[in-house]
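In: Fold the following and give me the result.
(chains A and B)
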Protein chains: 2
Amino acid sequence: MSLFVQKYGGTSVGTIERIEAVADKVASFREQGHDMVVAVSAMSGETNRLIGLAHEIQESPDPREMDVLVSTGEQVTIALLCMALKKRGWDARSYTGGQVRILTDNSHTKARIQSIDEQNIRTDLDAGRVVVVAGFQGVDENGNITTLGRGGSDTTGVALAAALKADECQIYTDVDGVYTTDPRVVDGAKRLEKITFEEMLEMASLGSKVLQIRAVEFAGKYNVPLRVLHSFKEGPGTLITLDEDYAEMEQPVVSGIAFNRDEAKLTILGVPDIPGVASRILAPIGAANIEVDVIVQNVAADNTTDLTFTVHRNDMAKAQGVLEKVCEEVGARGVTANDKICKVSIVGVGMRSHAGVASKMFDCLAADGINIQMITTSEIKISVIIDERYLELAVRGLHSAFGLDAEAQEEK
Amino acid sequence: MSLFVQKYGGTSVGTIERIEAVADKVASFREQGHDMVVAVSAMSGETNRLIGLAHEIQESPDPREMDVLVSTGEQVTIALLCMALKKRGWDARSYTGGQVRILTDNSHTKARIQSIDEQNIRTDLDAGRVVVVAGFQGVDENGNITTLGRGGSDTTGVALAAALKADECQIYTDVDGVYTTDPRVVDGAKRLEKITFEEMLEMASLGSKVLQIRAVEFAGKYNVPLRVLHSFKEGPGTLITLDEDYAEMEQPVVSGIAFNRDEAKLTILGVPDIPGVASRILAPIGAANIEVDVIVQNVAADNTTDLTFTVHRNDMAKAQGVLEKVCEEVGARGVTANDKICKVSIVGVGMRSHAGVASKMFDCLAADGINIQMITTSEIKISVIIDERYLELAVRGLHSAFGLDAEAQEEK
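Out: Alright, predicted model coming up:
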């Protein structure tokens, strides 16, 4: 008998029929004798409906009242799911974030969880009840309702699992696990049985939007075993776990190929190569609230340098405007911008201990005639910026070169 | 400068446009320097939508979870109204029932308010904020969300006004006040400037559904001046106040004519006239959860009695079934039932001190050839049961006979 925290997203509880299906699934676990805590999102569409109402009134709605408003979405779901469980003969009790007391800071619409009072939940579990908690929400120390921001229900699930020392936090989604890469790009992409928290973070931040990044960080920090599963299909999903556990297994050097089509590249040319110049260029970008991803700098022969970085495509025009001012101030030669690029990354804890992974990657791209515009690396990932036309070609080639294709694996 | 508690019902906040209109009204009071506390209902249709969702899952939804569900309706409204007030430059803060701490008993879906913590509200008022409170809801001492039952937002308004010792509790509705009778029946029906709590209770319970009965009782108990006004039309409405205040004025003997078309009459004939027989007849009716309104008993010459009472029309068939069993048990002669009846009542604190009010009423009905089937009286009301075909005739005749017609008044 285990304690499981399950989280169901908006699509999984989007209709009464689906809520009934979730109740069936939860009940089947409960029937096996497991203690069950369930965190749920608002029914799909509901949060957007509520935000729409707010925007009819205020262009930038008051954040405190926005949280009061949108937190009703999950409150509806917890009540309906409890009713569905009771109908099946299982005692169940719902909790809003405030009722659990999921204490957060007071950053409305993007609050962070500070602590969870697990007393009430524990009492209910001991009494045999299923506990259903509203995801995405909490209260600050003054009792104001807060929300964790979009996707925050994952974080609620993980935080509950951490506070209750659950055996596993199971995140039910509309995919049946984490894949070696996007199956829409590579036919042979296959589901991973296991992946480490670190790899998952790199995969998530690189565009495999299965789980909210904060939830993965949280799970890693408190060592909560996290499993991604499909809400309506049977299957073991993908277990996200600690590096140590993982290291015991026979593991591939590269676990997955991630990519991102949403970036644009900006270059400021012929910058005088003096200390502090990079900061003078990037500080105004940060001040304009533009997030920078990859940064590369190379020194040229004439004591000037070219500095290149990437931003979200939506921010390119704004960033270019900022850079053109900076260009004059620092006496640089000019600014170029290009949004016809993409980022392709190989991710794997295995590459730490394997030399030659990078050169294998570059060889593979060269063999397909793909020019690399930028390179960055971390301990467990190598990213390249290439022309966006080559994205599919690059991902398929790398997927195959690193032995990730379903057929290749089965042959092993 | 006064402290006003205003309550706006579901129709008054039924669309974003109407919420904006309510914000305009509240802002205009605030602008005059008044301290403002506003209690609101769910947007019209929302509560029914939520109840509909629950009924898709459970025929008799779990009461605790029902309260969690439907209480979201008002929570949406408080957030939107605060946004609309902020847009107008007025600081505002929303409170759910639990956040105020409107403490209730734990009778889910029909809870009663036990106390209100006015501390937070007072602090906000002192800081110049408009306070917007979710009507209809509270929490029990264990922090479970409760609701006060349909129409409970009126009670929330009155309870807040009592706790805060407000100068007036203003209930905004879709009528511009309390009328001498239903204007759809009598063209000359006119709005009352003032009415006592007692009269209002009799009028409300007799079918003039302007205010929730519990709210009027509550207001009377704590002597909260209560004003009924139209949400979207200007006008003084009707002030509901204490008898003492009212007695100072030149007042009519009869304040209004109420009526009810929803009753049915049952008679059990030839009951042996022995002690306790009335109870033996009515106890099974109560046990069947049927509410009895008027009861009349007369002794006949042969030591038997006929006992007649009225119930809601929807309960007539059920009541008849119960009575037929009782009839055999007590050895009565038979049971008759009739749903082609109505109840007409004259109401007024003035009749306490005026003899001849009853005979004037009966004369008036007789003059129109209307046969009286039953009569009951209280200190401030006289009700008769008559054939439903005569309802309009009776109401018009009495309205005129007691000098309530608009023209008649103006001539005085």
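
In: Stretch A:56-64: which residues count as buried?
Out: Under the neighbour-count criterion of 16 or more other C-beta atoms under 10 Å in any protein chain shown, stretch A:56-64 has A:E56, A:I57, A:Q58, A:P61, A:D62, A:P63, A:R64 buried. Just so you know, the C-beta spots here come from the backbone N, C-alpha and C atoms, and that holds for glycine as well.

In: Format the residues you listed as TSV; extra columns: pLDDT.
Out: Below are these laid out as TSV (pLDDT from 0 to 100):
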residue	pLDDT
A:E56	97
A:I57	97
A:Q58	95
A:P61	96
A:D62	97
A:P63	96
A:R64	98
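
In: Can you narrow those residues down to the ones near chain B?
Out: Residues of the buried residues of stretch A:56-64 in contact with chain B (C-beta under 8 Å from any C-beta of the partner chain): A:E56, A:I57, A:Q58, A:P61, A:D62, A:R64.

In: can you put those residues in JSON lines and add distance to B:I102 and secondary structure?
Out: Below are these laid out as JSON lines (distance: C-beta to C-beta, whole Å; DSSP: H, G, I helix; E, B strand; the rest coil):
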{"residue": "A:E56", "distance to B:I102": "29", "secondary structure": "helix"}
{"residue": "A:I57", "distance to B:I102": "26", "secondary structure": "helix"}
{"residue": "A:Q58", "distance to B:I102": "27", "secondary structure": "coil"}
{"residue": "A:P61", "distance to B:I102": "26", "secondary structure": "coil"}
{"residue": "A:D62", "distance to B:I102": "23", "secondary structure": "coil"}
{"residue": "A:R64", "distance to B:I102": "20", "secondary structure": "helix"}
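
In: Spatially, which two of the residues you listed are the most separated?
Out: A:E56 and A:R64 (18.2 Å; C-beta to C-beta).

In: Strands along the stretch 1-150 of chain A, start to end?
Out: A:3-8, A:35-40, A:92-95, A:102-104, A:113-116, A:130-134, A:137-139, A:145-147 (DSSP state E, counting those that start in this stretch).

In: and the fourth one, anywhere near chain B?
Out: No - Strand A:102-104 lies apart from chain B when judged by C-beta under 8 Å from any C-beta; the minimum separation is 13.5 Å.

In: Next, the residues that contact that strand from outside, please.
Out: The contact list for strand A:102-104, computed with C-beta atoms under 8 Å, 6 or more residues apart in numbering or on different chains, reads A:97, A:111-117, A:133, A:137-141, A:146, A:148, A:156, A:159.

In: hmm, back to that, make a markdown table out of the strands of the stretch 1-150 of chain A and add distance to B:G152.
Out: Conversion of the strands of the stretch 1-150 of chain A to a markdown table gives the following (distance: least, C-beta to C-beta, whole Å):
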| stretch | distance to B:G152 |
| --- | --- |
| strand A:3-8 | 32 |
| strand A:35-40 | 27 |
| strand A:92-95 | 21 |
| strand A:102-104 | 28 |
| strand A:113-116 | 32 |
| strand A:130-134 | 23 |
| strand A:137-139 | 24 |
| strand A:145-147 | 21 |
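
In: just how off-centre is stretch A:355-362 within its chain?
Out: 27 Å (C-alpha atoms, centre = their mean, to the nearest Å).

In: Tell me the buried residues in it?
Out: Quick answer for stretch A:355-362 (16+ other C-beta under 10 Å): A:V357, A:K360, A:M361.

In: any chance of the residues you listed in JSON lines, with secondary structure, distance to chain B and pLDDT too?
Out: Listed next are the buried residues of stretch A:355-362 as JSON lines, based on DSSP: H, G, I helix; E, B strand; the rest coil; distance: C-beta to the nearest C-beta, whole Å; pLDDT from 0 to 100:
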{"residue": "A:V357", "secondary structure": "helix", "distance to chain B": "52", "pLDDT": "90"}
{"residue": "A:K360", "secondary structure": "helix", "distance to chain B": "55", "pLDDT": "92"}
{"residue": "A:M361", "secondary structure": "helix", "distance to chain B": "51", "pLDDT": "94"}
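
In: This completes my enquiry, with thanks.
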